[in-house]
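Student: fold the following and give me the result.
(2 chains)
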Amino acid sequence: EVQLVQSGAEVKKPGESLKISCKGSGYSFTNYWIGWVRQMPGKGLEWMGIIYPGDSDSRYSPSFQGQVTISADKSISTAYLQWSTLKASDTAMYYCARSLGGVVARFDYWGQGTLVTVSS
Amino acid sequence: QSVLTQPPSVSGAPGQRVTISCTGSSSNIGAGYDVHWYQQLPGTAPKVLIYENNNRPSGVPDRFSGSESGTSASLAITGLQAEDEADYYCQSYDTSLSGSVFGGGTKLTVL
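Tutor: So this is what the prediction gives:
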């Protein structure tokens, strides 16, 4: 069974750093892209970026380029989304999702989401 | 604002047919890039409903269908049921962004 299991909810202060994770199982982790999607409270889905764990090739939305870093450790089938300096506006639910074809393809499996709250 | 435009809300009575539009441009849908549709029930992760314009994953009822023409795509839901009340999103690739993009989302209310 394909599963993407994300790390738990986080509460952070502005200016702090954070790295959340997404562990894949039940499939060949290196053969599928992992994307990250933001959903701010009460708002729609936003495509942030995507990584191919096989060679760490990554692409970012212009809106998120330079604001976050997407990485992956194929040895433990885990993808990451990290911030070096959090802002209150980073408060959102973050989903990871799997894609066979990268930026043009659908996300066929999704993680359960990680809620990030940034507040002083 | 997203480069893919969806109506904020649609509604219909049980048993009726509703459509949700996704209007793009020559840099996304009009360039021939596939459109995918997702359903997000309250408090849950999105789920793919239609992929590559008009294909249904196994387990998705045939009440859901997708179409595409020119710079727009549509999701149609027939035989509306209370359980269809959810948010719906389209997704496609955009050449000007060099990445994928979601539509703004449409809230479906079953009256």
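Student: beta-bridge partners for the spatially most central residue of chain A, please?
Tutor: Nearest to the mean C-alpha position of chain A, by C-alpha atoms, centre = their mean, lies residue A:36 at 3.4 Å. With DSSP bridges applied, residue A:36 shows beta-bridge pairing to residue A:49, residue A:96.
Student: quick check: it touching residue A:94?
Tutor: Yes. Between residue A:36 and residue A:94 there is a contact under C-beta atoms under 8 Å: 6.2 Å. In this view, the C-beta of every residue, glycine as well, is placed from N, C-alpha and C.
Student: spell out which residues of chain A are next to chain B.
Tutor: For chain A, the contact set with chain B under C-beta under 8 Å from any C-beta of the partner chain comprises A:35, A:37, A:44-47, A:49-50, A:59-62, A:95, A:97, A:103-108, A:110-113.
Student: kindly recompute the last result at 10 Å.
Tutor: A:4, A:6, A:35, A:37, A:39, A:43-50, A:59-65, A:93, A:95-97, A:99, A:101-113 (C-beta under 10 Å from any C-beta of the partner chain).
Student: before we move on, the earlier item: if I look at the residue nearest to the centre of chain A, how far off is residue B:11?
Tutor: 32 Å (C-beta to C-beta, to the nearest Å).
Student: again with residue B:107
Tutor: For residue B:107, the distance to residue B:11 - C-beta to C-beta - is 9 Å.
Student: these two - which one has more neighbours?
Tutor: residue B:107 (16 against 13; other C-beta atoms under 10 Å in any protein chain shown).
Student: and that one, what's its pLDDT?
Tutor: On pLDDT, residue B:107 comes in at 98.
Student: next, the buried residues of the helix or strand hosting it.
Tutor: Here residue B:107 sits within strand B:106-110, counting by DSSP states H and E. Residues of strand B:106-110 classed as buried: B:106-108, B:110 (neighbour count, 16 or more other C-beta atoms under 10 Å in any protein chain shown).
Student: what about residue B:56, neighbour count?
Tutor: By other C-beta under 10 Å, neighbour count at residue B:56 equals 17.
Student: how much space between it and residue A:21?
Tutor: 31 Å.
Student: follow-up on the earlier one: between residue B:107 and residue B:11, what contacts are shared?
Tutor: Listed as contacting both residue B:107 and residue B:11 by C-beta atoms under 10 Å, 6 or more residues apart in numbering or on different chains are residue B:85.
Student: for residue A:29, phi and psi?
Tutor: With angles defined as degrees, to the nearest 10, residue A:29 sits at phi -60, psi -30.
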